[in-house]
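K.L.:
I'd like to go over a predicted model; first the sequence, then the structure.
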Amino acid sequence: MEDPELTTRYADMFSAMGAEPRLRIVRLLLSAHPEGLVVGDIGSELGIPSSTLSHHLDKLKNERIVKVRREGTFLWYSANTEVLQELLGFLYAECCTRNKAIEPQRIV
């Protein structure tokens, strides 16, 4: 039986990535994994103004989809691959355990 709190948490994570700019941010940060990128580089690469970018990054950070670290005056953002892997595992769990729609070894 599914844990409703866990399902709600995953729904919130999907919702955070549901906006096109945030999905683009996650994809960019995955391409820069594990180092990540500084805020200015994210904005330049994606053409997102800094005021809007900070809102999107905060939403992703609040759902633990991205991590942030400070180095001097720079904020470095990186994809939280552990959380993203957990989210994918949630999606695949049913199809791989019940009806084998996708073989589990193909996911890892």
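P.N.:
Nice, thanks for sending it over.
K.L.:
now the helices for this structure?
P.N.:
For the chain, the helices defined by DSSP state H occupy 4-17, 20-31, 39-46, 50-62, 81-97.
K.L.:
reformat those helices as TSV; add mean pLDDT and distance to Glu71.
P.N.:
C-beta here means a position set from N, CA and C on the backbone, and glycine is covered the same way. Listed next are those as TSV, based on pLDDT from 0 to 100; distance: least, Cβ to Cβ, whole Å:
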stretch	mean pLDDT	distance to Glu71
helix 4-17	91	25
helix 20-31	97	16
helix 39-46	96	12
helix 50-62	96	16
helix 81-97	81	20
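K.L.:
wait, Val83 touches Asn62, no?
P.N.:
No - here Val83 does not reach Asn62: they are 12.0 Å apart, not a contact under Cβ atoms under 8 Å.
K.L.:
neighbour count winner among the two?
P.N.:
Comparing Val83 with Asn62 by other Cβ atoms under 10 Å, the one with more neighbours is Val83, at 16 against 11.
K.L.:
and Trp76, what are its bridge partners?
P.N.:
Per DSSP bridges, the residues bridged to Trp76 are Val38, Arg69.
K.L.:
what's the closest non-adjacent residue to Thr52?
P.N.:
Leaving aside its chain neighbours, Thr52 sits nearest to Pro21 (7.3 Å; criterion: Cβ to Cβ, 6 or more residues apart in numbering).
K.L.:
and the one you found, how many neighbours?
P.N.:
15.
K.L.:
contacting residues around it?
P.N.:
Going by Cβ atoms under 8 Å, 6 or more residues apart in numbering, Pro21 touches 46, 48, 52, 56.
K.L.:
just the pLDDT at the residue nearest the centre of the chain, thanks.
P.N.:
Geometric centre of the chain, nearest residue: Ile65, 3.5 Å, by Cα atoms, centre = their mean. At Ile65, the model reports a pLDDT of 97.
K.L.:
picking that back up, are any of the contacts of Pro21 buried, and which?
P.N.:
48, 56 (16 or more other Cβ atoms under 10 Å).
K.L.:
I'd like the contacts of Pro21 laid out as TSV, including distance to Leu75.
P.N.:
Shown next, in TSV, are the contacts of Pro21 (distance: Cβ to Cβ, whole Å):
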residue	distance to Leu75
Leu46	16
Ile48	15
Thr52	16
His56	13
